[in-house]
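Asks: Provide a 3D model corresponding to the input given below.
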Amino acid sequence: MHEMGIANSVLDAVRTEMKRYPQSYPCKIGVRIGEMAAIDPEALRFCFEAMIHETDLASLELAIEICPRRHRCSGCGHEFVVRAYDSRCPQCASLATICVGGDELELAYLEVEEYGSSTVGAKSTE
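Replies: Numbers count the residues shown, from 1 in each chain. Model prediction:
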C-alpha cells in the first residue's frame, strides 16, 4: 500500500511548511490526484487519518480533488477530458491526441490559522 508513504510525505510537507509559520497551526491540506495516478483516494484518506490520530495534527483535514484524464489534439490543439476511454478529439475527430493530464499527484494548498485568531464561538463584548 503506497498510500501510506504518500500520506507520510504529505505530513512531512505540512510539518516543513509549518516551521515557516510558528505562530500558526494547519487546518486543511489539499491534494490533487489524477485518475490515472494509481492512488486509491479512500486508502490515502484512511492512512492519513491513522497517521494523525492522537498527534498534534489530529485536527488537520485532508481534501482530495480527483483530476480527470485530459488530452490535447495534435491536429487542432483542442484540449478535452477523456470519457469512456475515447481519446478521439471531440472537435475534429482526430485520433492523434496526447495525454496532458490525469496522472498528477500534487499538494494544492495548505490552510493555516494563527493561534488565537479564530472568532468562532467568541462572545461579544458589547
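
Asks: just checking, what's the longest helix in this structure?
Replies: helix 3-18 (DSSP state H).

Asks: Now find how far off-centre it is within its chain.
Replies: Centroid separation between helix 3-18 and its chain, computed with C-alpha atoms, centre = their mean, to the nearest Å, is 12 Å.

Asks: what's in contact with that helix?
Replies: Here helix 3-18 makes contact (C-beta atoms under 8 Å, 6 or more residues apart in numbering) with 24-26, 29, 31, 39-40, 43-44, 46-48, 51-52, 57, 60, 62, 105, 107, 110, 112. From N, CA and C alone the C-beta is placed, and that goes for glycine too.

Asks: Can you give me the separation between residue 56 and residue 106?
Replies: Distance, residue 56 to residue 106, by C-beta to C-beta, to the nearest Å: 25 Å.

Asks: which ones are touching the residue nearest the centre of the chain?
Replies: The centre of the chain sits closest to residue 31, judged by C-alpha atoms, centre = their mean, with a distance of 1.1 Å. Residue 31 makes contact with 10, 44, 62-65, 105-108, according to C-beta under 8 Å, 6+ apart.

Asks: Which of these fall within helices?
Replies: 10, 44.

Asks: JSON lines please, covering the contacts of residue 31 and showing pLDDT, distance to residue 92 and neighbour count.
Replies: Listed next are those as JSON lines, based on pLDDT from 0 to 100; distance: C-beta to C-beta, whole Å; neighbours: other C-beta atoms under 10 Å:
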{"residue": "10", "pLDDT": "97", "distance to residue 92": "40", "neighbour count": "21"}
{"residue": "44", "pLDDT": "98", "distance to residue 92": "37", "neighbour count": "22"}
{"residue": "62", "pLDDT": "98", "distance to residue 92": "40", "neighbour count": "18"}
{"residue": "63", "pLDDT": "98", "distance to residue 92": "36", "neighbour count": "13"}
{"residue": "64", "pLDDT": "98", "distance to residue 92": "34", "neighbour count": "16"}
{"residue": "65", "pLDDT": "98", "distance to residue 92": "30", "neighbour count": "13"}
{"residue": "105", "pLDDT": "96", "distance to residue 92": "31", "neighbour count": "16"}
{"residue": "106", "pLDDT": "96", "distance to residue 92": "31", "neighbour count": "12"}
{"residue": "107", "pLDDT": "97", "distance to residue 92": "36", "neighbour count": "14"}
{"residue": "108", "pLDDT": "97", "distance to residue 92": "32", "neighbour count": "14"}
